[in-house]
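A.B. asks: below are the sequence and a predicted model; questions follow.
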There are 2 protein chains.
Amino acid sequence: MANTDSVKVRVLSLNCWGIRYLSKQCPQRYAMIGDMFEKDYLSLKKKLACSHPHSHYFKRYIFTIIPSGVIGSGLAIFSIHRIHDTFLFRYSLNGYPYMAHHGDWFGGKAVGMAVLNIGSLTANVYVTHLHAEYCRDKDSYLPHRVVQAWELQQFIRHTSAGADMVILGGDLNMHPQDLGNRLLRSYTGLQDAYLETAKFDGCEDGMTLIADNPFINKKELCPFEKGIRIDYILFKGSTKTDIYCDYMSTTKGSVPNHPFPYSDHEALTAGLRLETHTRTETRSDRQPKIKDSAAGKLAALVDIVTEARTEVKVGLHCAERMRYTATRTGVMGLALLVLELAIAAVPWLALGKEQPFPRTSFYLLAALCFAILLTTFLLYIFYTMELKALQGAEDQMRLAVGSLQEKLRGFPLAQPHNAPRRPQRVMSPVHWPRRNKRGAHCGQSGLCERSL
Amino acid sequence: MANTDSVKVRVLSLNCWGIRYLSKQCPQRYAMIGDMFEKDYLSLKKKLACSHPHSHYFKRYIFTIIPSGVIGSGLAIFSIHRIHDTFLFRYSLNGYPYMAHHGDWFGGKAVGMAVLNIGSLTANVYVTHLHAEYCRDKDSYLPHRVVQAWELQQFIRHTSAGADMVILGGDLNMHPQDLGNRLLRSYTGLQDAYLETAKFDGCEDGMTLIADNPFINKKELCPFEKGIRIDYILFKGSTKTDIYCDYMSTTKGSVPNHPFPYSDHEALTAGLRLETHTRTETRSDRQPKIKDSAAGKLAALVDIVTEARTEVKVGLHCAERMRYTATRTGVMGLALLVLELAIAAVPWLALGKEQPFPRTSFYLLAALCFAILLTTFLLYIFYTMELKALQGAEDQMRLAVGSLQEKLRGFPLAQPHNAPRRPQRVMSPVHWPRRNKRGAHCGQSGLCERSL
């Protein structure tokens, strides 16, 4: 494998849906998933036994990356190639602790990285899970997801400089043309296996959350009756390697000979082919075209980062309002406590003992005051942390836009206005309904879901 | 600068000590620090005006990376070179929220990275601040600091593959031969400017926290009467560049013409010189020696990572005990509540109204029970998160040791036992007193500071 010019890699991505006590048929499904891996491994071992007699090389190394979550919605990378190195990056934002029924905050979303050596090539494999989208029209988690996509692209870009091959698998919880998805793909240069594959076998439009899956509540998919594509396998090569996707497939809700599917999400499989090359051919004749295209891409990237920055600013505005509301409620709780103490002091001062002091109400009211003060104090701290994280991301985006614009000025031929702007305009209105413009009336609609 | 073979860079590192309401003379000191930067910038601009007429290149770009901390002990990178890209990594562990008087948890320790282009070279500049050491003999934060050092080396290693020059500045809160420091330097290959410098002017032994500083409480330095070296400038080149440290200096407590120093820590300045080369000379004659030395280094690294893993295991053991204590206290609180309710039910059941019901005690006791339950619940969640983070680091270390050992087997000449083992044995007992062996009696001494 090491000395040939072409290396084949098969990648599988699956959101296993394993929230304890909540996800259905967990032990059975996990056994099924384990069997699938086992069969794959044994068939591969058998198949390659002749050509690769040193089958110990294909010994199965298993490694699980545990994210910081409390309950622990784990990320895992399984590989038949030895994992040499790992690294975990926790996103700075991941929903709200008081939205316990959504549970994302407790899951601790992160991106895990494993460095594999495939022959003489280095492959960086990333796995992630971004914050879910519960209501597409009033998505109060959008700024968080955009910041997660921003941090994901930063992490991949900065850690993959030495890699010959970059693979990202996971549940991005974003539609193909969503802001975070465009940001991720444009900035890192990662390609979508579904769009690049030579052959495809699976659900319509590559959907990974489909109405036919028995674990799916069809109402929650609305307005996307058939389903949505939110799980991805993305990849890219390097200056030394080119990557092609030969085939791609998804499961289709049910699994043959099994009573139910592996998960509520469909599993994706992609067959990737790496070709190493030495760039001997001079591309001088293609230079102007390449330059033009690079400038166009750069201009599009500036637009996307600016759009992301706007979304983060909306999030900042909302977080500021929420912190203000928490502060105001806290002050009211304090005022109530002072008032109560004053009322309590009156009988003491007047020494009037004719009527009994309403002890029960007094203690209950005092407990309520303390509960309000404690809750608002915790919320104040939480919103301050959210503000800092959003502000940090916004600062980084501002700097990035400045740097990209300076780079763009280095292309005298390119006119940013000729570049493809706002690629989201291309999207089909049937598939991606317009988001509400929360920036304008954040206090009314965007916050409805987040208010206490 | 871009086209010469030698590039000079001046690096300054300073822990500014700016905790609001707590740090002394903050506004005055920050004005002094600002003046120092300003003077530096103007003198540089003046000096280079003739040789570098395009002084706009030296326009001052200022960027602040804000970490995730609540109160916000900020990390900042200032540069005369344009900052193209930034990235922030938050450590998974950083002390305990209930140790409010130590305050580290609220500060949100992180490592910030800025990518600068110096001429045609790429420099990755990192800034960090690790958890403080409050009691060297019974350092309950040691596992946290070791995990921070582990994550710091991971972050630097994985993000610096494309850099020609790597610089790390910051308050590591570790002595030169401390485990975390050895781990960081061995794994990343970073060199200590103080040890590598050709010329040095500053405090004895390069100390950065000295008894002569008026902001320092001399008692806290004990047993290091003169001071300690815990702030560093570390650097390394790449396969394309070699770096040398021409000079290094520290401030010495006082600043000429100013009433007090810049900070409670001394400022470090290092003059680095980059030389780009093309490795044309074949080193075949030196190969065996290089291989031997590489194997020796690898063997030493295996030892250091193993030592770090042991320390993390000690931390795991302590965290488990603490979680167990929290659970037990919670159960006791619950039992007390049940008992109280039972006592309250007795008069209701017996309908005996001869003696008045002790309402005040009843409500106070109920409040106490709820406070116990809430506190122990929060502590349980916190310790679970701590356990997950420690377990994650331990998993990564185990994998790294396996990978390093496999690499070591690739050096047939090298015998791990001939390699320099346990470099900490070299340390002077006067300067680095032996740490207590917490692993053996963690419950008695190591936890004393952490018990509620």
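C.D. replies: Here it is on my side, so go on.

A.B. asks: list the buried residues in stretch A:166-179.
C.D. replies: For stretch A:166-179, the neighbour count (16 or more other CB atoms under 10 Å in any protein chain shown) marks A:166-176, A:178-179 as buried. Where C-beta positions appear, they are placed from N, C-alpha and C, glycine not excepted.

A.B. asks: looking at those, which is nearest chain B?
C.D. replies: Closest to chain B out of these is residue A:166 (12.3 Å), distances taken as CB to the nearest CB.

A.B. asks: what's the closest one in contact with, if anything?
C.D. replies: A:123-124, A:126, A:156, A:160, A:188, A:190, A:235-238 (CB atoms under 8 Å, 6 or more residues apart in numbering or on different chains).

A.B. asks: mind doing that once more with 7 Å?
C.D. replies: Contact analysis of residue A:166 by CB atoms under 7 Å, 6 or more residues apart in numbering or on different chains lists A:124, A:156, A:160, A:190, A:235-236.

A.B. asks: quick check: which element contains residue A:177?
C.D. replies: In this structure, residue A:177 is located outside every helix and strand according to DSSP states H and E.

A.B. asks: then residue A:369?
C.D. replies: In the assignment (DSSP H and E), residue A:369 maps to helix A:359-409.

A.B. asks: ok so, going back, just the buried residues of stretch A:166-179: which are in strands?
C.D. replies: A:166-171 (DSSP state E).

A.B. asks: adding distance to residue A:38, write the contacts of residue A:166 out as JSON lines.
C.D. replies: Below are the contacts of residue A:166 laid out as JSON lines (distance: CB to CB, whole Å):
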{"residue": "A:124", "distance to residue A:38": "26"}
{"residue": "A:156", "distance to residue A:38": "30"}
{"residue": "A:160", "distance to residue A:38": "30"}
{"residue": "A:190", "distance to residue A:38": "30"}
{"residue": "A:235", "distance to residue A:38": "25"}
{"residue": "A:236", "distance to residue A:38": "30"}
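
A.B. asks: among these, which are in helices?
C.D. replies: residue A:156 (DSSP state H).

A.B. asks: among the contacts of residue A:166, which one has the most neighbours?
C.D. replies: Neighbour tally across these (other CB atoms under 10 Å in any protein chain shown): the maximum, 27 neighbours, falls on residue A:160.

A.B. asks: any weak-confidence spans in the stretch 101-250 of chain A?
C.D. replies: A:108 (pLDDT under 70).

A.B. asks: at 80 instead, please
C.D. replies: A:101-103, A:105-108 (pLDDT under 80).

A.B. asks: please enumerate the strands of it.
C.D. replies: According to DSSP state E, counting those that start in this stretch, the stretch 101-250 of chain A carries its strands in the segments A:110-118, A:121-129, A:165-171, A:191-192, A:199-201, A:209-210, A:227-228, A:231-236, A:241-250.

A.B. asks: in JSON lines: the ones you listed, plus distance to residue A:346.
C.D. replies: Converted to JSON lines, the strands of the stretch 101-250 of chain A look like this (distance: least, CB to CB, whole Å):
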{"stretch": "strand A:110-118", "distance to residue A:346": "56"}
{"stretch": "strand A:121-129", "distance to residue A:346": "57"}
{"stretch": "strand A:165-171", "distance to residue A:346": "60"}
{"stretch": "strand A:191-192", "distance to residue A:346": "71"}
{"stretch": "strand A:199-201", "distance to residue A:346": "78"}
{"stretch": "strand A:209-210", "distance to residue A:346": "62"}
{"stretch": "strand A:227-228", "distance to residue A:346": "62"}
{"stretch": "strand A:231-236", "distance to residue A:346": "65"}
{"stretch": "strand A:241-250", "distance to residue A:346": "72"}
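
A.B. asks: between those strands, which gets nearest to residue B:224?
C.D. replies: Of all the strands of the stretch 101-250 of chain A, it is strand A:110-118 that lies closest to residue B:224, at 38.6 Å by CB to CB.

A.B. asks: could you list the alpha-carbon positions for that closest one in CSV?
C.D. replies: Output of strand A:110-118 as CSV, limited to C-alpha atoms (Å, rounded to 0.1, in the frame of the first residue of the first chain):
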residue,chain,number,x,y,z
ALA,A,110,-16.5,18.9,20.3
VAL,A,111,-14.3,17.9,17.4
GLY,A,112,-11.9,14.9,17.8
MET,A,113,-8.9,14.3,15.6
ALA,A,114,-6.9,11.1,15.0
VAL,A,115,-3.7,11.0,13.0
LEU,A,116,-3.3,7.8,11.1
ASN,A,117,-0.4,6.6,9.0
ILE,A,118,-1.7,4.8,5.9
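
A.B. asks: residues in contact with it?
C.D. replies: A:1, A:7, A:9, A:63, A:65, A:67-68, A:75, A:77, A:79, A:81-91, A:122-128, A:152, A:155, A:159.

A.B. asks: buried only: go through those for me.
C.D. replies: The buried subset of these - by 16+ other CB under 10 Å - is A:7, A:9, A:63, A:65, A:67-68, A:75, A:77, A:79, A:81-91, A:122-128, A:152, A:155, A:159.

A.B. asks: can you sort out which of the residues you listed also neighbour chain B?
C.D. replies: A:63, A:68, A:83-90, A:159 (CB under 7 Å from any CB of the partner chain).

A.B. asks: give me the neighbour count for residue A:364.
C.D. replies: Around residue A:364 there are 12 residues (other CB under 10 Å).

A.B. asks: quick one: it and residue A:371, what's the gap?
C.D. replies: 10 Å (CB to CB, to the nearest Å).

A.B. asks: thinking again about what came up before, out of the buried ones among the contacts of strand A:110-118, list just those in helices.
C.D. replies: A:152, A:155, A:159.

A.B. asks: identify the residues contacting the second one.
C.D. replies: Listed by CB under 7 Å, 6+ apart, the contact partners of residue A:155 are A:89, A:111.

A.B. asks: write out the residues of chain A neighbouring chain B.
C.D. replies: So far as CB under 7 Å from any CB goes, chain A lies against chain B at A:63, A:66, A:68, A:70, A:72, A:83-90, A:92, A:154, A:158-159, A:161-162, A:359, A:363, A:367, A:381, A:384-385, A:388-389, A:391-392, A:395-396, A:399-400, A:403.
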